[in-house]
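*Asks:* Take this sequence and fold it.
(chains A and B)
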Amino acid sequence: MTDTVIASVPPVKNSLLGRLPVVKQLRQSVGLQRGMLIAGLTITGLFVLVAIFAPLIAPYGFAQLRDAQGSFGAQQPPSAAHIMGTTVGGYDVFSRVIWGAQTAVLVIVLAVVFSIIAGILLGLVSGYLGGWLDRVLVVIGDAIYAFPSLLLAIVLSIVISGGQSSLWGGILAAALSITVVFIPQYYRVIRAETIRIKAEPYVESAKMLGAPTSRIMFRHVLRNATRTLPIIFTLNASEAVLTLAGLGFLGFGIEPSAAAEWGYDLNKALSDVTSGIWWTALYPGLAIVLSVLGITLVGESLNDLADPRLRGRKRVKAKAGAVSLTAVDQTLPSDVDIREENA
Amino acid sequence: MTTSLLPTDAPSVVAPKPKSAGGGLGRYLLIRFLLIFPTIFILVTLVFLLMRTIGDPITAAQGGRLTAEQLQERIHAAGYDRPVLVQYFEYLGQVFTGNFGNTISDNRPVTEVLLTYGGATLELAFYALIVAFIVGIPLGMLAASMRDRVPDAVLRIFAILCYATPVFFAGLLLKLVFSVWLQWLPVAGRASTRTELSMQTLPNKTGIYLIDAIMLGNPNAIGDVLSHAVLPGIALGLLTAGVFLRLVRTNVIGTLGTDYVDAARSRGVSEFRLVRKHAYKPALIPIITVIGLQIALLLGGAVLTETTFEWKGLGFQLAAYLAARDFVAVQGIVALLAVFVAVTNFVVDVIAALIDPRVRY
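*Replies:* As a prediction, the model looks like this:
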């Protein structure tokens, strides 16, 4: 209990390390929340490590069909040589699971970086400058946001890759399709923050001093508008894994010879399951679940720690008053922006 | 004043200005209604333009088989060589009059495709929502009442697992266990061939198999349809159940901290009764607002679920038409989905506005 009280008091002076996004929350957390955050960080760390060291961990290449002893054979049950068996196409399941982590990490990083850059730019411009551009962007953003994201990603992946996918082509196509789907989320949050910050006295004084608009936007507004980004970042990263797998599962992803991709492997496992072959489906599926679980645990914990309703008990609630906007559920009603504007 | 104590999911940063209670509602409803049209318009336009950039359907279908000249002739005859803008306005005019044209790959009226497969997707989404409600709401209440204890931790992990498991993986596992190993339930499809054949004889079939089976009046058919629905319904429903669980938990925790719950507690109302009678009803309001967004998630998930279980719905067809570059069909399906999403969101917002006076312009 005492920890909670301490956490609700703003820290007087903290080292740089203590103010880093995740580290700060780790110190702030207690009990179960701390456990979840640590579990999430561990799984995510493991996932990233596997991705980086995939060439060392995986016994075979992701597109390797034979070794010195000859061909692997299709749908072989798990054995000493292939600890997770082989797929219907004759690939080693374990190797493809390991290599799949690399593909997933690449796609996540690219997609999130692209969408953060685009979302921030659009949100800043639209929120700060306002006017007709703002209104048009809000309506477009809402329309895209409301539409099933996977469907949009499918259409985009066809547009971008033309159905053909090499390693980088496929990864870029997948990342870009996911980007377009995510931009509205960053856009909404940054725009809402920008509108809030625009009215702050320090922005006005900067204006009075004659600072150019671009300087105010990037120096004064942007720096203060990024507090919710780590949360959306983690929530989006997990969604990116799922979207990538969904694309692969429907056959709009990356070719098996170009890169290992879990969704594609699950698609190929669809018919195996009917004949009772479980290893081709189980392992890639578990890999998806684990990686999403890890990232989501981190995101959830950050989100809960940012929300006074969930972090503290009643004492905090009484002090905090209005609930802070820092908690971003992916369940924002579509009219929040418009309402704020009209209020 | 009691309403202002209810936590809504909408974080109200700016304190709402005091307005006359009824005055804003009419205006809000009107503006909200008018907003449906740009939403649909933008999505239809977006898909139209995107589909034109990926090549024409005639080359995709006949590419290898015809000479370049023949190909050109066909493309010309179909009007795909005209400026995109001309095609676009023609298309808008058609959509406006409710004419979606014929699909290119199998030459069926798009309206017919929508009616046939839309019912199947709707049925699947309906089963999924039922599963989500049955699983999500009670478990969310349980987690809130046991806050920070073991059951809460387990349920929260369960909720995250629901979200973290792709519907197709959940579907594959369910299939493996219940259809292949235990052989309790059918592997795929919406009904057995026999039931489907007998349903063909119905004079005015709806395409929603459950209703059709009930109209047949054959208990075996109803059982058959339901047994096919169990696994897809669970696979898709668990996805939304996780969202509901988290939402109910968060909001019940919020309401449990309010003064009127304190008042009830001080009168000696048991914790169980507090959750069940006092705290949970206001916590359900945010669920209504979220259902609007869940519909989009469900439709996206339906594409995957339909492919996993060979459930012949819109999503299943959409994937097939996309592969064939049949943009007439894709546009039709997307337009229908856009209308559906926009209208659901409108209805949800209206309900939310009627319940909570703060959700108004």
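
*Asks:* Every contact and neighbour count from this point should use C-alpha atoms.
*Replies:* Noted.

*Asks:* Low-confidence bits of the stretch 201-343 of chain A, can you list those?
*Replies:* A:307-343 (pLDDT under 70).

*Asks:* how about the residues of the stretch 51-200 of chain B that lie near chain A?
*Replies:* The stretch 51-200 of chain B has residues B:51, B:53-54, B:148, B:153, B:160-161, B:164-166, B:169, B:172-173, B:175-176, B:180-181, B:187 near chain A, with proximity defined as Cα under 8 Å from any Cα of the partner chain.

*Asks:* switch to 7 Å and redo it
*Replies:* Proximity of the stretch 51-200 of chain B to chain A is confined to B:53-54, B:148, B:160-161, B:164-166, B:169, B:172, B:176, B:180 under the rule Cα under 7 Å from any Cα of the partner chain.

*Asks:* What is the lowest-pLDDT residue among those residues?
*Replies:* Lowest pLDDT among those: residue B:54, with 64.

*Asks:* before we move on, the earlier item: which members of the residues of the stretch 51-200 of chain B next to chain A occur in helices, if any?
*Replies:* Applying DSSP state H to those, the entries found in helices are B:160-161, B:164, B:169, B:172.

*Asks:* circling back to that earlier point, dump the residues of the stretch 51-200 of chain B next to chain A to CSV, plus neighbour count and distance to residue B:270.
*Replies:* Output for those, formatted as CSV (neighbours: other Cα atoms under 10 Å in any protein chain shown; distance: Cα to Cα, whole Å):
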residue, neighbour count, distance to residue B:270
B:53, 14, 63
B:54, 19, 63
B:148, 15, 19
B:160, 22, 30
B:161, 20, 31
B:164, 27, 35
B:165, 23, 36
B:166, 28, 39
B:169, 28, 41
B:172, 31, 43
B:176, 24, 44
B:180, 19, 46
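
*Asks:* quick one: which of those residues is nearest residue A:277?
*Replies:* residue B:176 (8.5 Å; Cα to Cα).

*Asks:* and the gap between that closest one and residue B:308?
*Replies:* Per Cα to Cα, to the nearest Å, residue B:176 is found 12 Å from residue B:308.

*Asks:* can you check residue A:138 too?
*Replies:* Distance from residue A:138 to residue B:308, by Cα to Cα: 35 Å.

*Asks:* Those two: which is more packed in?
*Replies:* residue B:308 (28 against 21; other Cα atoms under 10 Å in any protein chain shown).

*Asks:* ok, and the closest non-adjacent residue to the more buried one?
*Replies:* Leaving aside its sequence neighbours, residue B:308 sits nearest to residue B:168 (Cα to Cα, 6 or more residues apart in numbering or on different chains; 5.8 Å).

*Asks:* thinking that neighbour is in contact with residue B:304, fair?
*Replies:* Yes. Residue B:168 lies in contact with residue B:304 (Cα atoms under 7 Å); the separation is 5.9 Å.

*Asks:* Which of the two has more residues huddled nearby?
*Replies:* Neighbour count, other Cα under 10 Å: between residue B:168 and residue B:304, residue B:168 has more, with 30 against 27.

*Asks:* could you list every residue that touches the more buried one?
*Replies:* Residue B:168 makes contact with B:304-305, B:308, according to Cα atoms under 7 Å, 6 or more residues apart in numbering or on different chains.

*Asks:* Which residue, other than its chain neighbours, is closest to residue 241?
*Replies:* Going with chain A. Nearest non-adjacent residue to residue A:241 (Cα to Cα, 6+ apart): residue A:104, at 6.2 Å.

*Asks:* think we crossed wires, I meant chain B
*Replies:* residue B:132 (3.9 Å).

*Asks:* Same check on residue A:194?
*Replies:* Residue A:194 sits nearest to residue A:127 (Cα to Cα, 6+ apart), 5.5 Å away.

*Asks:* Mind pulling up the pLDDT for that neighbour?
*Replies:* pLDDT, read off for residue A:127, is 85.

*Asks:* So for the helix or strand harbouring it, what gets flagged as buried?
*Replies:* If you go by DSSP states H and E, residue A:127 is part of helix A:93-129. For helix A:93-129, a neighbour-count test (16 or more other Cα atoms under 10 Å in any protein chain shown) marks A:93-108, A:110-112, A:114-116, A:118-129 as buried.

*Asks:* ok, then the element right after that helix?
*Replies:* As assigned by DSSP H and E, the chain's next helix or strand after helix A:93-129 is helix A:131-146.

*Asks:* other SSEs contacting that next one?
*Replies:* helix A:93-129, helix B:36-52 (3 or more Cα pairs under 7 Å, 6 or more residues apart in numbering or on different chains; DSSP states H and E).

*Asks:* Now these in JSON lines, please, with extra columns for distance to residue A:25.
*Replies:* Below are those laid out as JSON lines (distance: least, Cα to Cα, whole Å):
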{"stretch": "helix A:93-129", "distance to residue A:25": "21"}
{"stretch": "helix B:36-52", "distance to residue A:25": "38"}
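
*Asks:* contacting residues around the residue nearest to the spatial centre of chain A?
*Replies:* In chain A, the centroid-proximal residue (Cα atoms, centre = their mean) is residue A:237; its distance is 1.2 Å. Counting by Cα under 7 Å, 6+ apart, residue A:237 makes contact with A:108, A:112.

*Asks:* between the strand or helix carrying it and helix A:93-129, how many degrees?
*Replies:* In the assignment (DSSP H and E), residue A:237 maps to helix A:229-249. Interaxial angle, helix A:229-249 versus helix A:93-129 (axes from the mean of the first three to the mean of the last three Cα atoms, to 10 degrees): 130 degrees.

*Asks:* What are the buried residues along helix A:229-249?
*Replies:* Within helix A:229-249, the residues scored as buried using 16+ other Cα under 10 Å are A:229-249.

*Asks:* what does stretch B:67-77 give?
*Replies:* Buried residues in stretch B:67-77 (16+ other Cα under 10 Å): B:71-72, B:74-75.

*Asks:* now do stretch B:323-331
*Replies:* So for stretch B:323-331, counting by 16+ other Cα under 10 Å, buried means B:324-331.

*Asks:* which one of those is nearest residue A:31?
*Replies:* Out of those, the member with the shortest distance to residue A:31 (by Cα to Cα) is residue B:330, at 50.2 Å.

*Asks:* returning to what we had before: mind giving me a markdown table with the ones in helices among the residues of the stretch 51-200 of chain B next to chain A and columns for distance to residue A:85?
*Replies:* Converted to a markdown table, these look like this (distance: Cα to Cα, whole Å):
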| residue | distance to residue A:85 |
| --- | --- |
| B:160 | 29 |
| B:161 | 26 |
| B:164 | 24 |
| B:169 | 18 |
| B:172 | 18 |
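
*Asks:* mind listing what residue B:222 touches?
*Replies:* Residue B:222 neighbours (Cα under 7 Å, 6+ apart): B:210, B:213-214.

*Asks:* which of those residues lies closest to chain A?
*Replies:* Nearest to chain A among the contacts of residue B:222 is residue B:210, at 25.2 Å by Cα to the nearest Cα.
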